[in-house]
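**Q** heads up, no residue letters with this:
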């Protein structure tokens, strides 16, 4: 089982909040082996996790795992995806974003997919950012898989 891991701080295009995402992606080296999962971890914090020296709260240890989602394709129909929340949150926008990203990646690449969302207690994405967050993450993963 050979995988590659990439990490980057991303600014979602079209985001109205200006929040940065620290994204870590683990993808299989050989995409033909569809049993190896794609794993995405998103850390969301005002200004990014390592944004500034004066911000004493920018420590990855201060983030809490809010939501963890798993998706897998059905054997009978590869376009049909079954997903479940492994760790739920009361923040609907976080749950929706992790679910949508997990199912979208599973459908697109036909690999099982785990998506984890971590954040500090004060930071949650609002409705308007969900599409830009998903779009930015999918584009980053697509760029890494294409290279």
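**A** The structure has been received and is ready for your questions. Please read all numbers here as calculations on a predicted model, not as lab measurements. Residues are numbered from 1 along each chain as shown.
**Q** same for the one helix or strand in the chain whose mean pLDDT sits lowest, what does it pack against?
**A** The helix or strand of the chain with the poorest confidence is strand 38-45; it has a mean of 89 (mean pLDDT, DSSP states H and E). If you count contacts as 3 or more C-beta pairs under 8 Å, 6 or more residues apart in numbering; DSSP states H and E, strand 38-45 packs onto strand 20-28, helix 92-109, strand 113-119, helix 130-146. C-beta here means a position set from N, CA and C on the backbone, and glycine is covered the same way.
**Q** save the ones you listed as CSV, and put in mean neighbour count, distance to residue 44 and mean pLDDT too.
**A** Formatted as CSV, the helices and strands packed on strand 38-45 follow (neighbours: other C-beta atoms under 10 Å; distance: least, C-beta to C-beta, whole Å; pLDDT from 0 to 100):
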stretch, mean neighbour count, distance to residue 44, mean pLDDT
strand 20-28, 19, 6, 92
helix 92-109, 20, 9, 93
strand 113-119, 24, 5, 94
helix 130-146, 16, 8, 92
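**Q** got the ones you listed as JSON lines, with distance to residue 81 columns?
**A** Shown next, in JSON lines, are those (distance: least, C-beta to C-beta, whole Å):
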{"stretch": "strand 20-28", "distance to residue 81": "18"}
{"stretch": "helix 92-109", "distance to residue 81": "5"}
{"stretch": "strand 113-119", "distance to residue 81": "9"}
{"stretch": "helix 130-146", "distance to residue 81": "15"}
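**Q** on that earlier part again, so how far is the next helix or strand after the least confident helix or strand of the chain off the chain centroid?
**A** Once the chain leaves strand 38-45, the next helix or strand it forms, by DSSP states H and E, is strand 64-73. The chain centroid and the centroid of strand 64-73 are separated by 9 Å, computed with C-alpha atoms, centre = their mean, to the nearest Å.
**Q** who are the packing partners of strand 64-73?
**A** For strand 64-73, the packing partners by 3+ C-beta pairs under 8 Å, 6+ apart come out as strand 81-87, helix 92-109, strand 113-119.
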